[in-house]
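>>> model the structure of this input:
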Amino acid sequence: MFEIKQSIQKITEITEATNQSLTSELLCSTTPVVLRGLIKDWPLVTQANMSNHAAQSYLRQHYNQKKIRTFSADAKHKGRFFYNDDLSGFNFSATTTTFDKVLDDLAEFEHQPNPPGLYMGSTSVDHILPSFRHDNDLPLLVENPLISVWVGNQSRIAAHYDVTDNIACVAAGKRRFTLFPPNQLDTLYIGPLDFTPAGQSASLVDFAQPDLIKYPKFVEAMQHAQVAELEAGDAIFIPSMWWHHVEGLSRFNVLVNYWWRQVDIQMGAPMDALNHALLSIRDLPQAQRDAWRDLFEHYIFAPKEQRHIPSERRGVLNPIDEQLARKLRASLVNKLNR
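Predicted structure coming up:
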């Protein structure tokens, strides 16, 4: 890790977490929470604490032979899956293969002093391990969470945010999470919005060797950092929009994610609104941008009650239900296609 004088912020921690710790208050928290031992009784964690081979054998029992997508990077990158030097591409390659092949390769790499990086990222648990959740699951108080599994050796994933709330469960190996509040956008030096290593825009700073000449504000970012090191059986709640840099520290790591949003399913994707604003607002004259900022503040960020308009005539200013959402989408599609 880097040598920057920093005042690490304390993360709220529940030391002996259980399923009963997953209250509605926790699941709506706006700051991270470490959940020590939350999944310690999962059979996979029990096997992982015995050996990597035992954990891999357990996972094979649940695999249904469907193909999966993996990512590999040369050993010289030391597990950092990222852009190439000029941001014209990436320093890793993607392959479609079997989960058994991934586990075979990871087992072989354990005995190499300087192995290449290999991981299977964000793959639906139910898609490839359909029986896994029978004995390895969380009883979340949310509907239809997206549940994904990540498997790999030592890795470094650049700081990024997720629109969803997230409980990340370390089922094998060790991981380090370095988190930043959403307002550290400027100090983390975020890369392109529309060309990204893994879907979300990410920090360009190499946390292992930060270039403080190129990225001087990163020192300020670290004053707001929250760091948690988790072992098999631990979990962490990461609120929506919090930046998080994730490191797989062991030669064999398994992470299970639960993602969900605190809004109804018909709600749109905020990133679509940002892209539309880039297209239609950003390059307006300053005075017009200021006027649009006031409109957004009035209708979106600090919405005022429109009592002067009869409720039946408020249209899209009414609470968004499924019918109104369909109407708005249709209107947007028609206007964008003109």
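>>> and I11, how close does it get to V102?
Remark: distance between I11 and V102 (CB to CB, to the nearest Å) = 31 Å. The C-beta positions use only the backbone N, C-alpha and C, and glycine is treated the same way.
>>> which of the two has more neighbours?
V102 (22 against 16; other CB atoms under 10 Å).
>>> the nearest residue to R261 once chain neighbours are set aside: how many residues sit nearby?
Computed as CB to CB, 6 or more residues apart in numbering, the closest residue to R261 that is not its neighbour in sequence is T164, at 5.4 Å. Number of residues near T164 (other CB under 10 Å) recorded here: 17.
>>> T164 against L146, yeah?
Yes. If you go by CB atoms under 8 Å, T164 and L146 touch, sitting 7.3 Å apart.
>>> mind listing the shared neighbours of those two?
259-260 (CB atoms under 8 Å, 6 or more residues apart in numbering).
>>> in the top helix by length along the chain, what's buried?
Criterion DSSP state H: the longest helix present in the chain is helix 322-336. Buried positions in helix 322-336, judged by neighbour count with 16 or more other CB atoms under 10 Å: A325.
>>> any idea how far that helix is from the chain center?
28 Å (CA atoms, centre = their mean, to the nearest Å).
>>> residues contacting P32?
11-12, 177, 179, 226, 228, 236-239, 242.
>>> swap the cut-off to 10 Å and go again
9, 11-13, 166, 177, 179, 181, 226, 228, 236-239, 242, 244 (CB atoms under 10 Å, 6 or more residues apart in numbering).
>>> next: N19.
38-39, 41, 137-140 are the contacts of N19 under CB under 10 Å, 6+ apart.
>>> residue ranges with poor pLDDT in the protein?
The chain contains residues with pLDDT under 70 at 1-8.
>>> so where do the helices sit in it?
Under DSSP H, the chain gives helices at 24-27, 43-50, 52-62, 99-109, 125-128, 218-222, 270-280, 286-296, 322-336.
>>> in JSON lines, list these along with distance to S72.
Shown next, in JSON lines, are these (distance: least, CB to CB, whole Å):
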{"stretch": "helix 24-27", "distance to S72": "35"}
{"stretch": "helix 43-50", "distance to S72": "23"}
{"stretch": "helix 52-62", "distance to S72": "18"}
{"stretch": "helix 99-109", "distance to S72": "9"}
{"stretch": "helix 125-128", "distance to S72": "18"}
{"stretch": "helix 218-222", "distance to S72": "28"}
{"stretch": "helix 270-280", "distance to S72": "28"}
{"stretch": "helix 286-296", "distance to S72": "43"}
{"stretch": "helix 322-336", "distance to S72": "38"}
